[in-house]
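# Next comes the sequence, and after it the predicted model I'd like to discuss.
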Amino acid sequence: MSGNFYGREQFEKYRGESLLLPDAAKDYPGICTPLDLYEILSGIWCADTCAPRMRENWTPENKTLGQCSITAFLTQDLFGGEVYGVLREGGNYHCYNKVGEYVFDLTSEQFGDEKLDYSGNTLQLRDVHFSKAEKKERYEFLKRKLKEYVNSVNSSVQ
């Protein structure tokens with residue numbers, strides 16, 4: 001499975017090479033690029049990781065719906081960089097990642113054919129997002145599920 005997320009094509013040439021931060025490389029073996037992370041998260045994202053205000057519209061066919069901030073900050077843990085937000089109608093931000101020269105959005109598929117503008121957006125801070133207990137809990141749940149997946153795959157390989 002390869003997601004059609006914004007910025008995906010930038011990572012095709014890195015298949016098999018690790019772009020992870022050194023600490024993340026030891027904690028998340030088997031994940032080398034955002035493509036790898038997307039493929040694993042595609043099997044983990046669920047209604048429980050979706051933002052509560054969007055949960056009733058979440059489906060397995062639209063698995064990235066309501067997953068942006070927790071996914072972007074988890075991605076930052078693994079690859080570094082910064083998290084930015086596209087201001088949406090209603091005053092909420094849609095979060096995405098910028099790592100060095102690479103701009104990508106693992107949860108862009110939720111917008112279908114709508115094209116977001118990934119330039120000139122506001123830096124998003126983890127402390128601000130995680131001041132909401134439910135968001136921090138969803139992030140911790142997603143992170144725990146990712147570690148469980150990676151550990152289960154690696155223990156079955158050994």
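Happy to help now that I have it.
# Give me the three-state assignment for Ser18.
coil (DSSP: H, G, I helix; E, B strand; the rest coil).
# Tell me how many other residues surround the nearest residue to it once chain neighbours are set aside.
In space, and not counting its chain neighbours, Ser18 is closest to Cys32: 4.4 Å by Cβ to Cβ, 6 or more residues apart in numbering. No exception for glycine: its C-beta is placed from N, CA and C like everyone else's. For Cys32, the neighbour count with other Cβ atoms under 10 Å is 19.
# and what of the one 10 residues further on?
Each residue near Ser42 was counted by other Cβ under 10 Å, and the total is 16.
# do Ala24 as well
Applying other Cβ under 10 Å, we find 16 residues neighbouring Ala24.
# Could you verify that it is part of a helix?
Yes. If the criterion is three-state DSSP, then Ala24 is within a helix.
# what sits against it?
Residues near Ala24 by Cβ atoms under 8 Å, 6 or more residues apart in numbering: Ile31, Asp77, Leu78, Phe79.
# out of those residues, what pair is the most spread apart?
Longest distance between any two of those is 11.0 Å, between Ile31 and Asp77; criterion Cβ to Cβ.
# Strands of this protein, start to end?
Counting by DSSP state E, one finds strands in the chain at the ranges 82-87, 93-99, 102-104, 122-123.
# Which of the ones you listed has the highest mean neighbour count?
Greatest average neighbour count among the strands of the chain goes to strand 93-99 (a mean of 22), per mean count of other Cβ atoms under 10 Å.
# Report the strands that pair with it, each with its relative direction.
If you go by DSSP bridges, strand 93-99 pairs up with strand 82-87 (antiparallel), strand 102-104 (antiparallel).
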